[in-house]
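Q: sharing a sequence plus its predicted fold:
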Amino acid sequence: MDKATPKDVFEANRERAAPLLKELRADGIGHLIDGKIEPSSSGDSFETRSPIDGAVLATVARGNAEDIDRAATAAAKAFKSWRDMPAPMRKKLLHRVADAIEDRADDIAVLECIDTGQAHRFMAKAAVRAAENFRFFADRCAEARDGLNTPGEEHWNISTRVPIGPVGVITPWNTPFMLSTWKIAPALAAGCTVVHKPAEWSPVTADLLARLVKQAGVPDGVLNTVHGIGEEAGKALTEHPAIKAIGFVGESSTGSAIMAQGAPTLKRVHFELGGKNPVIVFDDADLDRALDAVVFMIYSLNGERCTSSSRLLIQQGIAEKFIERLTARVKALKVGHPLDPATEIGPLIHERHLAKVCSYFDVARKDGAVIAVGGKPHDGPGGGHYVQPTLVTGAHARMRVAQEEVFGPFLTVIPFRDEAEAIEIANGVQYGLTGYVWTGDMGRALRVADALEAGMIWLNSENVRHLPTPFGGMKSSGIGRDGGDYSFDFYMETKHVSLARGTHKIQKLGSTSS
């Protein structure tokens, strides 16, 4: 059989999407509350549109405080039995969720492309990564309660962990399916119940995830999904007294608002927020590999990723030649329909976000920087929210394009003289999520890694996910860590139990005996 051409794959993706979209338009998207798909209590709804061409994908229930209250009540009611379910049974159910995700992998991929504009070459792996999230944490259900034994002279002291209770999970519109599972899977594995508020700009695969969890046999009320606007449903979730913690991925300003809203009920919070991440390329680096990584980490996923390396810090001696090669690569990037397997950059998520990204073209010019490539909207297929991949040179560290998160396919290049200046520039922003360092000198690599104010550092590598490692940032980039045991630390309370040997002396008060 002849190998399928990109055109064949494109057409196959369209054919797969057609019945899914027809079903979406017919059925709409409702909340999942206590195991039932329901409209909003107010009857309000909103339309979700594809960034490819503006076509209406579905009518979505617009949740409010009453819907959040019903979902939180259901989560609270289901909590005790889910918490007390034997770990092997929880493990089995979560593996069944992973199986259900894998069975629908192709559907998830095309729906994510159409709903978010992300290129199929990346979304084809979304379901695989989401299933990995569920399997990884499912296999750790039994050890989630593990603690320490710290014996003293008169007591045995042990610690254990217990699930904190019903939690709220608020997820973003970039790669929403995978990121939702990244938050929800460890919460369920820990024994918590969940109220999920997906981003209003990308509700489609969140609806599918809720249905797959129910299909896998997870009891009613364990996962509840309420759609809606952040200022309405999201705010109600962060304020609800039954919700003990909030896990949020999104903008730093929204994280600040959530922290304030949760303060009266003393909510525990975990935030994965914005970034203006540096990739530092020294003159002794493997420049071929560094170039590949630089291009990948800003222009993949439409640049709409918190860990993108949106600032290239390049040592002066190699800057001219490296920028010349980089310019050629950026000019060659293929912008197109996200279902086309040849596409590298699809449309941005929403017209408001497109306007935000495009506003930085004028910012760059006013700053005095040079737009070496791009700097304009792109006339993509369907008239959607396309933008040219953009490369800005001639920048310095204090320019707005070197300080502010654009969150698009927009790279700012800043030259540096030496190691000390590279560190100063890298740390001179409000964010601290990731940093990337390219050098052949391992001593320098370790010095720079130690000095960078960021929660995650990759040396001579792009961002490669390893599930047991801590994921999170410093400064305005977040609070707390995801991944491995770090996720359980957030979703669980640590309890100390002290067992007396019966030999220690207890002081006697109100007694005449000595």
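A: Right, received. Where do you want to start?

Q: could you pull up the contacting residues of the nearest residue to residue 407 once chain neighbours are set aside?
A: Distances taken as Cβ to Cβ, 6 or more residues apart in numbering put residue 304 closest to residue 407, at 5.7 Å, once the chain neighbours are dropped. Heads up, the C-betas are built off the backbone N, CA and C, glycines and all. Applying Cβ atoms under 8 Å, 6 or more residues apart in numbering, we find residue 304 in contact with 118, 174, 348, 349, 353, 407, 408.

Q: and the next element down the chain from the lengthiest helix in the chain?
A: For the chain, the helix that runs over the most residues, judged by DSSP state H, is helix 6-27. Per DSSP states H and E, the first helix or strand lying C-terminal to helix 6-27 is strand 31-33.

Q: can you tell me the element the residue sitting nearest the centre point of the chain falls in?
A: Nearest residue to the geometric centre of the chain (Cα atoms, centre = their mean): residue 179, 4.4 Å. Element membership of residue 179, judged by DSSP H and E, is helix 176-190.

Q: for that helix, C-alpha coordinates in PDB please.
A: Provided in PDB are the C-alpha atoms of helix 176-190 (Å, rounded to 0.1, in the frame of the first residue of the first chain):
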ATOM      1  CA  PRO A 176      -6.600  22.300  27.200                       C
ATOM      2  CA  PHE A 177      -7.100  18.500  27.100                       C
ATOM      3  CA  MET A 178      -3.600  17.600  28.200                       C
ATOM      4  CA  LEU A 179      -3.400  20.300  30.800                       C
ATOM      5  CA  SER A 180      -6.800  19.400  32.300                       C
ATOM      6  CA  THR A 181      -5.600  15.800  32.800                       C
ATOM      7  CA  TRP A 182      -2.300  17.100  34.300                       C
ATOM      8  CA  LYS A 183      -4.400  18.700  37.100                       C
ATOM      9  CA  ILE A 184      -7.300  16.400  37.400                       C
ATOM     10  CA  ALA A 185      -5.500  13.000  37.400                       C
ATOM     11  CA  PRO A 186      -3.400  13.600  40.500                       C
ATOM     12  CA  ALA A 187      -6.400  15.100  42.400                       C
ATOM     13  CA  LEU A 188      -8.400  12.000  41.700                       C
ATOM     14  CA  ALA A 189      -5.500   9.700  42.500                       C
ATOM     15  CA  ALA A 190      -5.000  11.500  45.800                       C
END
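
Q: which neighbouring elements make contact with it?
A: helix 87-103, helix 105-116, helix 126-138, strand 167-170, strand 194-197, helix 204-215, strand 245-249, helix 484-491 (3 or more Cβ pairs under 8 Å, 6 or more residues apart in numbering; DSSP states H and E).

Q: possible to save the ones you listed as CSV with distance to residue 227?
A: Below are the helices and strands packed on helix 176-190 laid out as CSV (distance: least, Cβ to Cβ, whole Å):
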stretch, distance to residue 227
helix 87-103, 20
helix 105-116, 13
helix 126-138, 19
strand 167-170, 12
strand 194-197, 8
helix 204-215, 7
strand 245-249, 16
helix 484-491, 23
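
Q: out of these, nearest to residue 77?
A: Shortest distance between residue 77 and these, using Cβ to Cβ, is found for strand 194-197: 12.2 Å.

Q: list the neighbouring strands of the closest one plus their orientation.
A: strand 167-170 (parallel), strand 223-225 (parallel) (DSSP bridges).

Q: make CSV out of the ones you listed and add mean pLDDT.
A: Shown next, in CSV, are the strands paired with strand 194-197 (pLDDT from 0 to 100):
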stretch, mean pLDDT
strand 167-170, 98
strand 223-225, 98
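
Q: quick one: which of those is nearest residue 8?
A: strand 223-225 (35.4 Å).

Q: residue 273: which of the contacts of residue 304 is nearest?
A: Nearest to residue 273 among the contacts of residue 304 is residue 407, at 11.6 Å by Cβ to Cβ.

Q: what is the neighbour count of the closest one?
A: Neighbours of residue 407 under the rule other Cβ atoms under 10 Å: 24.

Q: one more: residue 376?
A: 11.

Q: was I right to think it contacts residue 386?
A: No - using Cβ atoms under 8 Å as the test, residue 376 is too far from residue 386 to be in contact (10.0 Å).

Q: picking up where we left off before, of the contacts of residue 304, which belong to helices?
A: In this view, the contacts of residue 304 that belong to helices under DSSP H are residue 353.

Q: look up how far residue 16 lies from the residue nearest to residue 407.
A: 24 Å (Cβ to Cβ, to the nearest Å).

Q: likewise for residue 78?
A: For residue 78, the distance to residue 16 - Cβ to Cβ - is 34 Å.

Q: returning to that earlier point: in the helix holding residue 179, which residues are buried?
A: 176-190 (16 or more other Cβ atoms under 10 Å).

Q: what of stretch 108-117?
A: In terms of neighbour count (16+ other Cβ under 10 Å), stretch 108-117 has its buried residues at 108, 109, 110, 111, 112, 113, 114, 115, 116, 117.

Q: what's the farthest-apart pair in those residues?
A: 108 and 117 (15.3 Å).

Q: need the pLDDT of the residue nearest to residue 314 when sequence neighbours are not counted.
A: Spatial nearest neighbour of residue 314, excluding adjacent residues (Cβ to Cβ, 6+ apart): residue 281 at 5.1 Å. Per-residue confidence at residue 281 stands at 98 (pLDDT).

Q: the one 4 residues further on too?
A: We note a pLDDT of 98 for residue 285 in this prediction.

Q: quick one: residue 249 from residue 196, how far?
A: 12 Å.

Q: quick check: neighbours shared by these two?
A: With Cβ under 8 Å, 6+ apart, residue 249 and residue 196 have common neighbours 170, 171.

Q: quick one: residue 425 and residue 395 touch, right?
A: No - contact status for residue 425 versus residue 395: not in contact, 10.4 Å apart, counting by Cβ under 8 Å.

Q: before we move on, the earlier item: okay, residue 78 and residue 16: which has more neighbours?
A: Higher neighbour count among residue 78 and residue 16: residue 78, with 22 against 15, using other Cβ under 10 Å.

Q: doesn't that one belong to a strand?
A: No - Residue 78: not assigned to a strand; according to DSSP: H, G, I helix; E, B strand; the rest coil it is helix.

Q: residue contacts, it?
A: Residues in contact with residue 78 (Cβ under 8 Å, 6+ apart) are 34, 193, 219, 220, 221, 222.
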